[in-house]
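>>> Whatever this is, show me its structure:
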Amino acid sequence: MGIKRYKPTTPGRRGASVLRHEKIGTQKRVKRLLTTIRIRAGKNASGKITVRHKGGDHKRKYRVIDFVNPIEDAKAVVAGIQYDPNRTAAVALLRYEGGREAYTLAVAGLQAGDTVLASRERALDIKPGNRMALKFIPGGITVCNIELAPRRAATAVRSAGASATTLASEGGTVQIKMPSGEVRLFSDECLATIGRVGNIEWNLVRLGKAGRMRHRGVRPRVRGKAMNVVDHPHGGGEGRSPIGLTHPKTPWGKPARGIPTRKKYKASNQLIIRRRKKK
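Predicted coordinates for the structure are as follows:
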C-alpha cells in the first residue's frame, strides 16, 4: 500500500495524506461475518462519561475476526485482503474446504491465493499467515496476533505494523520481546501468527484536518492552560502563562504525564522479565 499526498488546494488538504488501499482478491463482504456494535462513546453502563473526548464517530459494521478458536487443521485459501474500518490493520478473508469462511488479520506479504493453516498440535511451515502454538516456533521468529492465555482471545500485537520476537523457551513458557521492548513470558500452548501485521505505512498518514479525527470518534480537547483557574489547576494567568506547578496535574488535581498507572501488585507482574522502562 502506498500513500497518496494531496495538493494544497484547501487548508484542510495542505499536508493531508491517505493510504491507497489496494484491492487484492475478493472484496465482497461476508454478511454472516458482519455484526453491529453499539458505540457507547466513553460512557459506562449508567450513561456517565468515564473517558472524556470520545463520541461522534462514524457508523460502521464490525467484522468478526477469528481471535477466539480459529478453525484448526484445515487448509484455507486467502480469497482477498479487505479494508476494516474498526482497526488499523487490514483483514484477510479465508476460504476453507466445504465453503466455510472466516476473517483473520492480514500479515505483511500475504497475497490472494496463498494457503495458510492453523494448528495447536503440530508444527507448521514458518511462513507468513500460518498460526501455531509457541512451542513449535523457534527463537528469533517474528510473530503477531498472540494469545495471552491458551484458548483465550488473541489480544496482543494486533495493530498495523506491529510485531514481536520469540527469544527462548523453557519449562512450558516462551520468552517474547514485545513491540514496546518489554520481555514477557507466555505459555507455550498459546497460538501466534507467523509474520508482521500488515498495513505497515499506516503511521505515516497525516490527517490534515480536525474533521478526520471526528470521524474516528475523537472529540476536541481543550488545554488546561487555556482554561480559567476555577476549571483546571493549570488555568489562570495573563496571556500564555506556564502551568505554575512543579508537576502537571489532571483537572481533578492528581499527578499527570509520566506517572505510572499500573497496579503495584498486579498478578501478571511475575510474567514480566524486563519492563519497557528500566527502573
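>>> Now do the same contact list for A92.
Applying Cβ atoms under 8 Å, 6 or more residues apart in numbering, we find A92 in contact with V78, G80, I81, Q82, Y103, T104, L105, A106, L110, G129. C-beta coordinates here come from the backbone N, C-alpha and C atoms, glycine included.
>>> The first one contacts L110, correct?
In other words, V78. Yes - using Cβ atoms under 8 Å, V78 is in contact with L110, at 6.0 Å.
>>> Pull up the overlap in contacts between the two.
With Cβ under 8 Å, 6+ apart, V78 and L110 have common neighbours A92, V116, G129.
>>> how far away is the closest residue to A90 other than its chain neighbours from K43?
Once flanking residues are discounted, A90 sits nearest to A106: 4.4 Å by Cβ to Cβ, 6 or more residues apart in numbering. Applying Cβ to Cβ, to the nearest Å, the value for A106 to K43 is 32 Å.
>>> More neighbours: those two, which one.
Taking other Cβ atoms under 10 Å, A106 and K43 do not tie; A106 has more neighbours (26 against 14).
>>> quick one: that one from G172, how far?
31 Å.
>>> Quick check: pLDDT value at G2.
Listed pLDDT for G2 reads 84.
>>> my guess is it contacts E201, does it?
Yes - here G2 reaches E201: they are 7.5 Å apart, a contact under Cβ under 8 Å.
>>> Give the residues shared as contacts by these two.
Contacts common to G2 and E201, judged by Cβ under 8 Å, 6+ apart, are L19.
>>> okay, the two: which has more neighbours?
Taking other Cβ under 10 Å, G2 and E201 do not tie; E201 has more neighbours (15 against 9).
>>> Ramachandran angles for the more buried one?
Torsion angles at E201 (phi, psi; degrees, to the nearest 10) stand at phi -80, psi 10.
>>> in a strand, that's where M213 is, yeah?
No - membership of M213 in a strand is not supported by DSSP: H, G, I helix; E, B strand; the rest coil, which gives helix.
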